[in-house]
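J.: requesting a structural model of the entry that follows:
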Amino acid sequence: MSPQNLAAALSGVRERIERAAARSGRSAQSVTLLAVGKAQPAQVIAMAADLGLRDFGESYLQEALGKIAALRHRELTWHFVGRLQANKTRPVAESFAWVHALDRLRIATRLSEQRPFHAPPLNVCLQVNLAGEASKGGVAPAEVPALAAGVAALPRLKLRGLMCLPPAETEVARQRAWFAQLRALYEQLNASGAGLDTHSMGMSGDFEAAIEEGATVVRIGTALFGTRPTTIAAQ
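T.: Coordinates of the predicted model:
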């Protein structure tokens, strides 16, 4: 990808964020654009950083660690957005600032125990499987309060909010209906004193609907970087 193509794509995404935020009576500054660069080389991430992006999402751990090392001189915030396996918690706890797909207390406990004490607490979002899809991670909506309470009690984690990956929908009304469910769970937790501040929801195909339902973080890959390369780094 050329710098010119990336700049044009980023400009288009930012305009769409601004319009969606305006429709919901919000400022575009209330929405963090999380650039998901899985399978993109470090050079492309560097180009995105040159254009002003600071938050980057990765789901392939070994690939991500290489990029983090290559770009360590830049002030970037790294988010792990993939499903996390127990044997990979230590490098995530050591190298990332955020984890977006936490759905098991056992994994949360490992992250808390392995987070370096010189680092700030690891920011985490709980992934909610709204439709009960077996192919996706996430906790069932009814189990969210108990998991939230368990995670909030861990000393080296900071529970920031909820994340979802709903079924793909082409109709905006149906997209918004899924995101509204996550917002309702979020509001329920905050009514109980959870103090959440993050809705991580919406990707390239539905982020405008997510913003209209309150998204504070949108995870954008294809709309920025185009179709992912066919060769994907080993996890």
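J.: all helices of this protein, in order?
T.: Applying DSSP state H to the chain gives helices spanning 3-23, 42-50, 61-70, 89-95, 105-114, 144-152, 172-191, 207-212, 222-225.
J.: what residues sit buried inside the last one?
T.: Residues of helix 222-225 classed as buried by neighbour count (16 or more other C-beta atoms under 10 Å): A223, L224, F225. No exception for glycine: its C-beta is placed from N, CA and C like everyone else's.
J.: what does stretch 89-107 give?
T.: Buried residues in stretch 89-107 (16+ other C-beta under 10 Å): 89, 91-93, 95-96, 98-105, 107.
J.: between the residues you listed, which is nearest V144?
T.: D103 (9.7 Å; C-beta to C-beta).
J.: quick revisit: could the helices of the chain go into JSON lines alongside distance to Q127 and mean pLDDT?
T.: Formatted as JSON lines, those follow (distance: least, C-beta to C-beta, whole Å; pLDDT from 0 to 100):
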{"stretch": "helix 3-23", "distance to Q127": "22", "mean pLDDT": "97"}
{"stretch": "helix 42-50", "distance to Q127": "24", "mean pLDDT": "97"}
{"stretch": "helix 61-70", "distance to Q127": "17", "mean pLDDT": "97"}
{"stretch": "helix 89-95", "distance to Q127": "14", "mean pLDDT": "98"}
{"stretch": "helix 105-114", "distance to Q127": "11", "mean pLDDT": "98"}
{"stretch": "helix 144-152", "distance to Q127": "10", "mean pLDDT": "98"}
{"stretch": "helix 172-191", "distance to Q127": "10", "mean pLDDT": "98"}
{"stretch": "helix 207-212", "distance to Q127": "15", "mean pLDDT": "98"}
{"stretch": "helix 222-225", "distance to Q127": "20", "mean pLDDT": "96"}
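J.: out of those, nearest to E133?
T.: Per C-beta to C-beta, nearest to E133 of the helices of the chain: helix 172-191, 11.4 Å.
J.: could you dump that closest one to CSV, C-alpha only?
T.: C-alpha atoms of helix 172-191 as CSV (Å, rounded to 0.1, in the frame of the first residue of the first chain):
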residue,chain,number,x,y,z
VAL,A,172,-28.3,-0.7,9.3
ALA,A,173,-31.3,-1.3,11.6
ARG,A,174,-30.2,-4.9,12.3
GLN,A,175,-26.6,-3.7,12.9
ARG,A,176,-27.8,-1.2,15.4
ALA,A,177,-30.0,-3.7,17.1
TRP,A,178,-27.0,-5.9,18.0
PHE,A,179,-25.0,-2.9,19.2
ALA,A,180,-28.0,-1.7,21.3
GLN,A,181,-27.9,-5.0,23.2
LEU,A,182,-24.2,-4.4,24.1
ARG,A,183,-25.0,-0.8,25.2
ALA,A,184,-27.9,-2.1,27.4
LEU,A,185,-25.5,-4.5,29.2
TYR,A,186,-23.0,-1.7,29.6
GLU,A,187,-25.6,0.6,31.1
GLN,A,188,-26.7,-2.2,33.4
LEU,A,189,-23.2,-2.7,34.7
ASN,A,190,-22.6,1.0,35.2
ALA,A,191,-25.9,1.2,37.1
